Each structure stands twice: as structure tokens, then as C-alpha cells.
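> 3D, please:
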Amino acid sequence: MRILIELPTWLGDAVMATPAIENLANFQNEVEITIIGSFASIEVLKNHQKVVKTVVLDKKYPSLVKISRELGSFESFFSFRSAYRSKFLKLLVSAKNKYQFNKDQYNNCHQVEKYNNFVNNCLGLNLPAGKLIIHPNLRLLNNNSAPIVGINPGASYGSAKRWYPKEFAEVASELSTHYEIIIFGGPDEMDIAADIEKSLVDKGVTNYKNLVGITTIQELISLISTLDLFITGDSGSMHIAASFQVPTVAIFGPTRDDETSQWKNDKSIIVKKDLDCQPCMKRNCPLKHHNCMNLIKAVDVLKAARSLS
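Model (predicted):
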């Protein structure tokens, strides 16, 4: 059976969709899956044993016409996106059965459950959402003599989700006596990483690597799988860590931890401040004080980190 899947756009959402896609892939024995979506989301699923083809989608509407013709025909099409562009794609795709995720239909549960409920409703199933799985699901060994802590200061959604470089540097400095340090992030977070690196140098810390902006997504996945501890905001990398059960301190500000926290990672601790203004779900703080992050200090994160060690 040939299945076409349009993945969520964001890296973290794609990881959170993996339990639902796993249920979809195992629904029948002979399933061949073609996945389409953003480059980042495809990197998460492209190594799945039942994925036979991947196509990175262009954002321009005319390209969807060309792509839909080239894809051929399918038994079923599942879109994990509710955007208008995806509705247009649904009209174009040649498939006997067409299903599209409606974000307004699924409320009051974790994002993983929303995606899984979507698949269950489409197929008339009642399968539970398993753990996050990134294929090949192998956690690499840490070959260093010392344990490794990953520091992930960025978040693509917006500045409101980002904790402060000064505080990240304080945490990294304190942990450097027991851990090797790796700083993670994308090209847009190089300035943040540079601030952290400068603080570490000023404190005399030398056992660190700044890999921000120089790793591929596949390299990022592999490196995160080797970590002994991960300090991060609400981000795609946080969900990658959950898929490998990496002990994680997750720092939450404007977003809903009940919907986007790590899924089924028993070694995860959330650090947040319960303020009246949160979760606001804004990319930038509308009140200008950013207290949901500003009031979280290095000592709070260090306490959580040490409880995991």
C-alpha cells in the first residue's frame, strides 16, 4: 500500500509526529511511504525503513501542482499540517483517501497525542502513542573520558522562548568541572553562542566545543544521542533528546509545557515560573518584561541538573 505523508514544518513537531507515523507505518505489513515537507522535518523521518521517497516542498503554490503530478497515485494521503497551502495540496494529490490534520479539532492534550488521535480517527483505530522514534533508533556511545553536557540556547519560534546567554554560560561554567560541554544551535543563533563562549573564556573554561551553525541535522541527532545531560529551551533539539531518553532540563517560558514538553522521557525536568501572563504563546514578549524567562536563574537550572545526575 502506497501512502503519502506531508510532515509538520517544524523540526520538533516532526519528531512529535513520529509515534503517530509509526502506528501508520505498522498499520499494514506492506506499506511504502513517501514523505513530503520541509527539509528539517524530512531529515527526521528519511531513514525510516518504510520510507521509499522524500520530496522537499517548495513554498510557492505553482510548484505544488508540478510536484503532485510527479508523485503519482496513492492509496492514502495524510497531511499533518492544517495550513491553507496544505489544503491546496490535498486537492491536487491523487489518492483514494485524503486526510488532513485540523489543529482546532484536538485540544487539551499533548501534541504527540493530537497527532496520534488524528491517525486513529482517520483509520478507526485506538492505538496508543508510543515513544518518540528517530530512525535508526540507536543511541551512540560517549567515547569521551568525561560525561558530556549539551547546551542549547536557541529556539526558532522566537526570542520569547530563549533563555539568556549569561545564565546559560553560568550553568555551563558550573558544570564544566564534571562535564565536557557542547554548545548547539542553528546559523541564526551564532551571536548567542558567541556571547556564551566569551563568558566561558572569561571564566577560564576551556573544555567546550561551540558547534552552533556548523552541524547538519543528522550530525545534530547523532551528537545529542551521545549526551549525558542536556540543558535546553522548548525546541526541536529538546524533542530529539527525548527520543534518546537523554536526561534533560527543559526551560519553559511562553509556551505550553503540557502540550510540547518532552514525551515519555522519565529523565526530564521542566524549569518554569508560573506567572499569570503565561503561557502567552507569543514570539516576542507582549509585556516587554519577559519575566517568564527573566526570573529563571542559573541556580534554578543547576538544581534541576544536579538532581538528574
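
> can you give me the helices for the stretch 51-200 of the chain?
61-71, 84-92, 111-123, 165-175, 190-202 (DSSP state H, counting those that start in this stretch).

> where does this structure have low pLDDT?
137-142, 144, 156 (pLDDT under 70).

> the domain parsing of it - what is it?
2-123, 148-308 (automatic domain parsing).

> what about the strands in the protein?
With DSSP state E as the criterion, the chain has strands at 2-6, 32-37, 51-56, 73-79, 94-100, 148-152, 180-183, 208-210, 229-233, 248-251, 268-271.

> Asn116 is nearest to which of these?
strand 73-79 (12.2 Å; CB to CB). C-betas here are computed from N, CA, C, even on glycine.

> given that closest one, what are its sheet partners and their directions?
Pairing partners of strand 73-79, with direction, according to DSSP bridges: strand 2-6 (parallel), strand 94-100 (parallel).

> redo these as a markdown table? Include distance to Pro128 and mean neighbour count.
A markdown table is the format used below for the strands paired with strand 73-79 (distance: least, CB to CB, whole Å; neighbours: other CB atoms under 10 Å):
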| stretch | distance to Pro128 | mean neighbour count |
| --- | --- | --- |
| strand 2-6 | 20 | 23 |
| strand 94-100 | 20 | 15 |
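
> now the ones you listed in a markdown table, with distance to Thr18?
Output for the strands paired with strand 73-79, formatted as a markdown table (distance: least, CB to CB, whole Å):
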| stretch | distance to Thr18 |
| --- | --- |
| strand 2-6 | 11 |
| strand 94-100 | 18 |
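
> right, and those - which one's nearest Leu227?
strand 2-6 (29.1 Å).

> quick one, that closest one and helix 61-71 angle?
Counting by axes from the mean of the first three to the mean of the last three CA atoms, to 10 degrees, strand 2-6 lies at 160 degrees to helix 61-71.

> that older thread, figure out which of the strands paired with strand 73-79 is closest to Ala298.
strand 2-6 (40.9 Å).

> okay, angle between the closest one and strand 32-37 too, please.
Using the same axes, to 10 degrees: strand 2-6 against strand 32-37 is 20 degrees.

> can I get the CA coordinates of strand 2-6 in PDB?
Extracted in PDB, the C-alpha atoms of strand 2-6 (Å, rounded to 0.1, in the frame of the first residue of the first chain):
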ATOM      1  CA  ARG A   2       1.400   3.400  -1.100                       C
ATOM      2  CA  ILE A   3       1.000   6.200   1.500                       C
ATOM      3  CA  LEU A   4       1.800   9.800   1.100                       C
ATOM      4  CA  ILE A   5       2.600  11.800   4.200                       C
ATOM      5  CA  GLU A   6       3.000  15.600   4.500                       C
END
